[in-house]
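Engineer: Predicted model and sequence below, questions to follow.
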Amino acid sequence: QLRDRFAPGRPLWLSATADAPCGGTPRAATFLDTFRYLDQLGHLAREGVQVVMHDGLIGGDSGLLEEGTLTPRPDYWGALLWRRLMGGTVLDPGTPRQPGLLLYAHCLRDAPGGVAILAINTDRERGRTLGLPVAAERYSLAADAPESRSVRLNGKPLALVDGALPAIGGAAAPAGYLLLEPASITFLAVPEAGNGACR
């Protein structure tokens, strides 16, 4: 409301954000924080925020990379998938909010008509199902425990390969019902969605 009153039409940017109360918290370097981070990105995009800057790339508890080794932390992998899949146009996910399940939908980046979905299952005990009307590519992040400092993509550990990013590909998700594992984060790329808002 303040933007609309004092600077109508100007873009909204968030210039610093991370899980860093009182200088930092150890959980910021774990998979647990990736749930907060990606939910925040989805919520802010829905509210019209066009740019979100993380607090820092390296350093402290909230840096996306480990200081000294430059090893990516779980939030880095979440940010990488967000950037590769979630385009700038925000869509209605078409599903009512449910306890323990957060859903966000955007146009799929660089794929006219395509849709990207972010499904966050915060329930540590129960899986969830999500109906897919057409086939998709699945990118599911999970860890041995939410407090883990490492993460798996579609069951395989994510790590640098000789100092470089590994190949990151999706797994086939046929049309039908997709199981979202407990305490997991899943991106879905649906290039053949045919969404008219995604041109």
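Structural biologist: Okay, I see it.
Engineer: any idea how far stretch 167-174 is from the chain center?
Structural biologist: The chain centre lies 16 Å from the centre of stretch 167-174; the measure is Cα atoms, centre = their mean, to the nearest Å.
Engineer: which residues touch that stretch?
Structural biologist: 80-81, 84, 132, 135-140, 153-154, 158, 188-189 (Cβ atoms under 8 Å, 6 or more residues apart in numbering). Placement of C-beta: from N, CA and C, glycine included.
Engineer: buried ones in the worst-scoring helix or strand of the chain on mean pLDDT?
Structural biologist: Across the helices and strands of the chain, the lowest-confidence element by mean pLDDT, DSSP states H and E is strand 12-17, at a mean of 75. Judged by neighbour count using 16 or more other Cβ atoms under 10 Å, the buried positions of strand 12-17 are residue 17.
Engineer: That one pairs with which strands, and in what direction?
Structural biologist: Strand 12-17 has its sheet partners listed here by DSSP bridges as strand 49-54 (parallel).
Engineer: Convert the helix or strand that the strand it pairs with is followed by to CSV, retaining C-alpha atoms only.
Structural biologist: Where DSSP states H and E defines the elements, the next helix or strand beyond strand 49-54 is helix 74-85. Written as CSV, here are the backbone C-alpha positions of helix 74-85 (Å, rounded to 0.1, in the frame of the first residue of the first chain):
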residue,chain,number,x,y,z
PRO,A,74,20.7,-26.8,0.9
ASP,A,75,19.3,-23.3,0.3
TYR,A,76,21.7,-22.9,-2.6
TRP,A,77,20.2,-25.9,-4.4
GLY,A,78,16.7,-24.6,-3.7
ALA,A,79,17.6,-21.2,-5.1
LEU,A,80,19.2,-22.8,-8.2
LEU,A,81,16.1,-24.9,-9.0
TRP,A,82,13.9,-21.8,-8.4
ARG,A,83,15.9,-19.8,-10.8
ARG,A,84,16.0,-22.5,-13.5
LEU,A,85,12.3,-23.3,-13.3
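Engineer: got the angle between helix 74-85 and strand 49-54?
Structural biologist: Relative orientation of helix 74-85 and strand 49-54, computed by axes from the mean of the first three to the mean of the last three Cα atoms, to 10 degrees: 150 degrees.
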